[in-house]
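K.L.:
I'll drop the sequence and a predicted model, then ask my questions.
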Amino acid sequence: MRILVVEDEPDLLRTVAQALREDGYAVDEAADGTEGLYKATTWEYDAIVLDLLMPGLTGWEVLQRLRKTHRTPVLILTARDQVQDRVRGLDNGADDYLTKPFHLMELRARLRALIRRSVGAASSEIRIGLLTLDMRSRQVTRDDVVIALTPREYALLELLALHRGRVVSRTEIYDHLFDEHEESLSNLVDVHVSNLRRKLGGDFITTRRGQGYILHD
Amino acid sequence: MTKSIRSRLQFWYGSILSVSMIIFGGLVYWRADRDMHERAMRQALTTADYLDLLLRPPGAGPGPGAGHGRGLNTASGPSDSASGPLATESRQDAGQSARPAGGRENTEGMERDDQSSEPEWMRGGMPGGLIPPELLLTRPFHEGPPPTGSRPMRGQPPGRMPRFPPPSFDPVLRTGNGSPGLWQGPMVDRMDFVVWRADGSRLLASQGPGAGELESLKRPDLATPGFQIDRLDQAIRVLTRGSRNSIILVHRPLQQDLRDLHWFGLCIAGLGAITIVVGISGGHLLARRMVQPIAMISGIASQISVHHLNRRIDTVLLEQELVPLATVLNQTFERLEGSFRRLTQFTADASHELRTPLAVIQAQVELALGRRRSVEEYELTLQTCMKSAERMHGLVEGLLLLARSDAEHLDLQTQQLDLRTLVEDAVLQMQHTAAEQEIELDCVTPETEVSIHADPRFFPRIPLNLLENALQYTPRRGRISVTVSQEQDEAVLTIQDTGSGIPEALQSRIFDRFFRADTARSRRTGGNGLGLAICRSLTEAHQGQITCQSQPGQGTTMTVRLPQAQHRPDSVLLTPVTGIFNNSDSDLRSSE
């Protein structure tokens, strides 16, 4: 999953981005509204963390312009905590609202919920056959036996699982697994897929030539 | 006296109305009284005149023997008489014209006798010579010019015979036994009279009810010619000398008139009282209406609370006298609202500014504690936290300073200091930073001392903040010039940089709290938007003023003016900085 964090306070931006990366997300950073809008409209993100008071374009403006073309889930992170601010944010198209100072725990949980909602998943657990994906702990278990996966592998599995039944193209996998700074060698995806197959066993992931991969139930 | 406008209004209105009514009523009554007396007197005089004329020998006619009696005959012949009541009388008395026949003879006799004896027609009277008044009715009158020697009636121009007999006379003669069709009612204007002969015997006396009073009277002596008017309690008496040295006395009783007058007075009093009552009730309503706009203003003022600061008093329909008050109130509400808005804004800004470093610390610590970290990571975390803490510290100190100076709690303890030294110290402090940024920093001060009253705890902030600001906005290899000078009785500090300048639209706002002309840059260098606001606050606390001139792209000049020491008294008065969270009034327009 790929997340964009737009925040003009450099230390905070760095901290949040690091926290999310440690969670296994691919994270892009933007230090002002203009940069944020540009990135948000250029790449596909699974969620955007957006600060409101920023130089250049404010969070409001970014949100409004973004919503014209994209339905990316947005979580607003800001020091403005009055009711009218929240209402305005939510009415303008934000999906969630978190005030500073905040707990990282809460930020992560809300992001997970946002992403879940955007793909229509009901809970943070996904069952595929005998496999159970726990998105909270980022673990895969079969019959309560944890299968060891690297963060990337897990991210890939989660992506395919959330979109299961649907073909996910390679490009999509790139967009959702790697952040802007990583080189995207087309090989990498194949490598991760084959590793995943090996570890999971079974016929979970099917290749559709020329289209992508699909995870079956 | 109660403090209520309404009560006072009512009281004074009621009092004035009552007093006016009383005065008016009193005057009316007095006038009526005088008029009554006047009228009575005139009636008495008329009657006296009438009697006088009655008793005169007729003489004005054409000469003796020449058409004698013609004049007299004229009146007795109805066809000859002119218009007026005279004719009426004559006609009415035609029935009694039997007597005139005799009277004619009598008058002839009169012509002959003239002054020395009584008129013949008088002789046919009662024993003792008292003529019954009814006889007077039959006396023939002549119209035309009055007999010579007769005085004109009071109030009548000479040459004109008045109406005879005077209307008031009739009821007198008809002492209640008058012929049918005549006035039978109470004797309203009745009069009584007595006429004495020269020797004191009565010649004529009325026989009405009031005659009794006069019976005992002796012939009075009339010293002066003309009328003598005696005003008695219950009557008016008129005395006059008639022909043949007779004395005529007319007694006009006033009882009825006084009764009428008293009744009139009561009516006035009653009506006056009613009017006063009505007036006072009206005054009650009046007072209420007068006070209503005040109540309205109070109502609106009391409605104004935190949530309704935008209400105003409508002055369009307001009474003229209250418009200034309402205008002042509206202006006060305006300022209040403005202050409140700025307060809210300030609070929001302050909390935002404080929350962000807090969020950093919290996030950093939470992340660091989330799992096992390396020592370097912990070090980095701690450093970041430290930075944020320092930032918060600076912010809190700045906010406290501003809040205290707003609330006049700065407690400035000034000493006489040399501005040169203060500025040079600040320049020294910033030397290092300037060098790092390759900015040329120079300082020019005069030879002589430039004394100001300054508190050494607070004043240095001013040049320091200004220098920090200049350094922030001046690019590398730029230049900052600091100058200390004297202008008249002011000490002047100027700091000029070759920085990016400030757009004209923003120039008035740079001293606002939390205002940053370039947010990104300010944040990067750790600025919090309070530096210049603090400069202004402290400058004004030191009785000075600070101004800014700037050309975008060329540079900015900050000028601080302070009063020089010798022109200020030693005891320091703290100048109140305009209201809490208020920017100066010039910002009122721009910061909206």
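P.N.:
That came in fine, so what should we check first? Numbering: from 1, shown residues only, chains lettered A, B, ... in the order given.
K.L.:
Identify all contacting residues around the one helix or strand B:Val423 maps to.
P.N.:
Per DSSP states H and E, B:Val423 falls inside helix B:419-436. By Cβ atoms under 8 Å, 6 or more residues apart in numbering or on different chains, the surrounding residues in contact with helix B:419-436 are B:440-441, B:443, B:445-446, B:449-452, B:454, B:456, B:459-460, B:463-464, B:467-468, B:471, B:480, B:482, B:484, B:491, B:493, B:562. Backbone N, C-alpha and C define where each C-beta goes, glycine included.
K.L.:
Show the buried residues in those residues.
P.N.:
In terms of neighbour count (16 or more other Cβ atoms under 10 Å in any protein chain shown), the buried residues within these are B:441, B:443, B:445, B:450-452, B:454, B:459-460, B:463-464, B:467-468, B:471, B:480, B:482, B:484, B:491, B:493, B:562.
K.L.:
any weak-confidence spans in chain B?
P.N.:
B:1-2, B:54, B:57-190, B:206-211, B:305-307, B:407, B:518-526, B:567-592 (pLDDT under 70).
K.L.:
any idea where the strands of it begin and end?
P.N.:
Along chain B, counting by DSSP state E, strands occupy B:192-196, B:202-205, B:227-231, B:235-241, B:247-253, B:415-418, B:440-444, B:451-454, B:479-487, B:490-497, B:545-551, B:555-563.
K.L.:
so can I have a markdown table of the ones you listed showing distance to chain A?
P.N.:
Formatted as a markdown table, the strands of chain B follow (distance: least, Cβ to the nearest Cβ, whole Å):
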| stretch | distance to chain A |
| --- | --- |
| strand B:192-196 | 104 |
| strand B:202-205 | 112 |
| strand B:227-231 | 94 |
| strand B:235-241 | 96 |
| strand B:247-253 | 97 |
| strand B:415-418 | 40 |
| strand B:440-444 | 28 |
| strand B:451-454 | 36 |
| strand B:479-487 | 25 |
| strand B:490-497 | 22 |
| strand B:545-551 | 20 |
| strand B:555-563 | 20 |
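K.L.:
Please look at B:Gln486 and B:Pro446 and confirm they touch.
P.N.:
Yes. Counting by Cβ atoms under 8 Å, B:Pro446 is a contact partner of B:Gln486 at 6.5 Å.
K.L.:
Near chain A, which residues of the stretch 201-350 of chain B? Just list them.
P.N.:
Within the stretch 201-350 of chain B, the positions near chain A by Cβ under 8 Å from any Cβ of the partner chain are B:Ala348.
K.L.:
from the stretch 201-350 of chain B, which residue is nearest to chain A?
P.N.:
B:Ala348 (7.1 Å; Cβ to the nearest Cβ).
K.L.:
what's the neighbour count on that residue?
P.N.:
17 (other Cβ atoms under 10 Å in any protein chain shown).
K.L.:
Excluding covalently adjacent residues, which one is nearest to it?
P.N.:
Nearest residue to B:Ala348, sequence neighbours excluded (Cβ to Cβ, 6 or more residues apart in numbering or on different chains): A:Arg80, at 7.1 Å.
K.L.:
Ok, which of the strands of chain B comes nearest A:Arg65?
P.N.:
Across the strands of chain B, the minimum distance to A:Arg65, taken as Cβ to Cβ, is reached by strand B:545-551, at 32.8 Å.
K.L.:
Low-confidence bits of chain A, can you list those?
P.N.:
A:184-186, A:217.
K.L.:
and the gap between the nearest residue to B:Leu532 once chain neighbours are set aside and A:Pro55?
P.N.:
Nearest residue to B:Leu532, sequence neighbours excluded (Cβ to Cβ, 6+ apart): B:Phe511, at 5.0 Å. To A:Pro55, B:Phe511 is 20 Å away according to Cβ to Cβ, to the nearest Å.
K.L.:
So between the two, which is more surrounded?
P.N.:
B:Phe511 (23 against 17).
K.L.:
doesn't B:Phe227 make contact with B:Ala48?
P.N.:
Yes. At 6.7 Å, B:Ala48 counts as touching B:Phe227 under the criterion of Cβ under 8 Å.
K.L.:
So for those two, which sits in the more crowded spot?
P.N.:
Relative neighbour count places B:Ala48 above the other of B:Ala48 and B:Phe227, with 27 against 20, counting by other Cβ under 10 Å.
K.L.:
show me what contacts that one?
P.N.:
Taking Cβ under 8 Å, 6+ apart, one finds B:193, B:227, B:238-240, B:248, B:250 in contact with B:Ala48.
K.L.:
most surrounded residue in these?
P.N.:
Among the contacts of B:Ala48, the one with the most neighbours (other Cβ under 10 Å) is B:Val250, at 30 neighbours.
K.L.:
what sits opposite it in the beta ladder?
P.N.:
Assessed by DSSP bridges, B:Val250 has beta-bridge partners B:Phe193, B:Val238.
K.L.:
swap in A:Glu125?
P.N.:
For A:Glu125, the beta-bridge assignment (DSSP bridges) gives partners A:Asp134.
K.L.:
What's the separation between it and chain B?
P.N.:
Separation of A:Glu125 from chain B (Cβ to the nearest Cβ, to the nearest Å) stands at 22 Å.
K.L.:
since we're on that residue, how many residues are nearby?
P.N.:
Around A:Glu125 there are 13 residues (other Cβ under 10 Å).
K.L.:
Buried residues of stretch A:36-45, list them for me.
P.N.:
Buried, per 16+ other Cβ under 10 Å, within stretch A:36-45: A:36-37, A:39-40, A:43, A:45.
K.L.:
now swap in stretch B:487-505 and tell me
P.N.:
For stretch B:487-505, using 16+ other Cβ under 10 Å, the buried residues are B:490-502.
K.L.:
How about stretch B:319-335?
P.N.:
Of the residues in stretch B:319-335, those buried by neighbour count under the rule 16+ other Cβ under 10 Å are B:322, B:325-326, B:329-330, B:333.
K.L.:
pull the CA atoms of it into CSV?
P.N.:
Listed next in CSV are the C-alpha coordinates belonging to stretch B:319-335 (Å, rounded to 0.1, in the frame of the first residue of the first chain):
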residue,chain,number,x,y,z
GLU,B,319,-34.6,59.8,18.2
GLN,B,320,-32.1,62.5,17.4
GLU,B,321,-30.9,63.0,21.0
LEU,B,322,-30.0,59.3,21.4
VAL,B,323,-28.2,58.9,18.1
PRO,B,324,-24.8,60.0,19.5
LEU,B,325,-25.2,57.6,22.3
ALA,B,326,-26.2,54.8,20.0
THR,B,327,-23.4,55.6,17.7
VAL,B,328,-20.8,55.5,20.5
LEU,B,329,-22.3,52.2,21.7
ASN,B,330,-22.2,50.8,18.2
GLN,B,331,-18.6,51.8,17.8
THR,B,332,-17.8,50.2,21.1
PHE,B,333,-19.5,47.0,20.1
GLU,B,334,-17.6,47.1,16.8
ARG,B,335,-14.3,47.4,18.7
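K.L.:
Now do the same contact list for A:Leu111.
P.N.:
By Cβ under 8 Å, 6+ apart, the contact list for A:Leu111 reads A:3, A:20, A:25, A:47, A:49, A:75.
K.L.:
can I assume B:Ile294 is in contact with B:Leu9?
P.N.:
No. Under the criterion of Cβ under 8 Å, B:Ile294 makes no contact with B:Leu9, lying 11.3 Å away.
K.L.:
out of the two, which sits in the more crowded spot?
P.N.:
Comparing B:Ile294 with B:Leu9 by other Cβ under 10 Å, the one with more neighbours is B:Leu9, at 17 against 14.
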